[in-house]
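A.B. asks: Need coordinates for the below:
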Amino acid sequence: MNRWMLGLVVCASSLLAPGLTEAQVANADGNEASRPEDPGKTEITFVIHAYDGVIGGLGFARLKAELEKRGYSCKIVRSPKTKTPNEDRAKAMIGALKNVAGEIVLVGISNEGLYMPLVAAERPIRRIVMLNALVPTPGKSFHEAFDIEKVFATKFALRLAERAPGLSEVCPLKELPKVEYVYICGEKDDAIRPEWEQRAAREYLHVEPVVVKGAGHANILWYVNEVADAATKGL
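C.D. replies: As a prediction, this is how the structure comes out:
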């Protein structure tokens, strides 16, 4: 499968595949690498959500390998579909992280930005890394908070957004959790408008977005060095 086809499938999956009924903490290649022991440092684990099936794991495999090469533990939580993806994904992620020691960094792409703050509201999370991600509005659904025609970049992406159940879920939070946020966006995102992403990072997360030159929506996962640099900066 070439990069264009993989990017298209991951893009469609990230908008449509709804949530979790249960989650399994797993690695894309079945191996696990841990941060070298250092009594002066807290263990930091990157946790990535991926959809059930081969594509979900493959999409993040290179990023996982790069993070492990840099000495971090990295786990992939896989998920099946439900009709309330944000709520169910958050509940299952919280369960999957129950026995994970140390500090947690959540990583998600596209509509996964809607569930990650729900996890941080229920358990300690050091950092949330959003890749070309939607940002939730407390007390509203994404459809209520935004004109999606001004958010999504193409007719195809707009049709996916109209059908995605997670965009109709009301965010139950009163405010976004006060954790570290890192927002990484592709300069040439072909699903979500880059200008919306950058404005959302500044106005709602109060951070300066990291813009990856040349990257699109799903294929931002191929820019592993740039993504890993931004995701790990300051840890």
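
A.B. asks: sec struct for the residue nearest the centre of the chain, please.
C.D. replies: When CA atoms, centre = their mean is applied to the chain, the residue found nearest the centroid is Gly108 (0.7 Å). Using DSSP: H, G, I helix; E, B strand; the rest coil, the structure places Gly108 in strand.

A.B. asks: how far away is it from Val135?
C.D. replies: 11 Å (CB to CB, to the nearest Å). C-beta here means a position set from N, CA and C on the backbone, and glycine is covered the same way.

A.B. asks: which residues in the protein form helices?
C.D. replies: Listed in chain order, the helices of the chain (DSSP state H) span residues 3-16, 54-69, 85-96, 116-120, 142-145, 155-163, 194-204, 224-232.

A.B. asks: Can you give me the neighbour number for the closest residue to Thr137 other than its chain neighbours?
C.D. replies: Nearest in space to Thr137, with sequence neighbours left out and distances taken as CB to CB, 6 or more residues apart in numbering, is Ala145 at 3.7 Å. By other CB atoms under 10 Å, the residues close to Ala145 number 19.

A.B. asks: Tell me the spacing between Ala145 and Ala120.
C.D. replies: Counting by CB to CB - Ala145 and Ala120 are separated by 19 Å.

A.B. asks: Can you list the low-confidence ranges for the chain?
C.D. replies: Applying pLDDT under 70 to the chain picks out residues 1-41, 51-57.

A.B. asks: ok, 50 please
C.D. replies: Applying pLDDT under 50 to the chain flags the ranges 1-13, 16-36, 54.

A.B. asks: For stretch 185-204, what is the spacing between the initial and final residues?
C.D. replies: The separation between the terminal residues of stretch 185-204, taken as CA to CA, to the nearest Å, is 15 Å.

A.B. asks: Please compute how far it lies from its chain's middle.
C.D. replies: 14 Å (CA atoms, centre = their mean, to the nearest Å).

A.B. asks: what does it rub up against?
C.D. replies: Outside stretch 185-204, the residues that touch it by CB atoms under 8 Å, 6 or more residues apart in numbering are 11, 15, 110, 130-135, 137, 150-154, 157, 176, 181, 183, 207-220, 223.

A.B. asks: now with 7 Å?
C.D. replies: For stretch 185-204, the external contacting residues (CB atoms under 7 Å, 6 or more residues apart in numbering) are 11, 132, 135, 150-154, 157, 183, 207-209, 211-217, 220.
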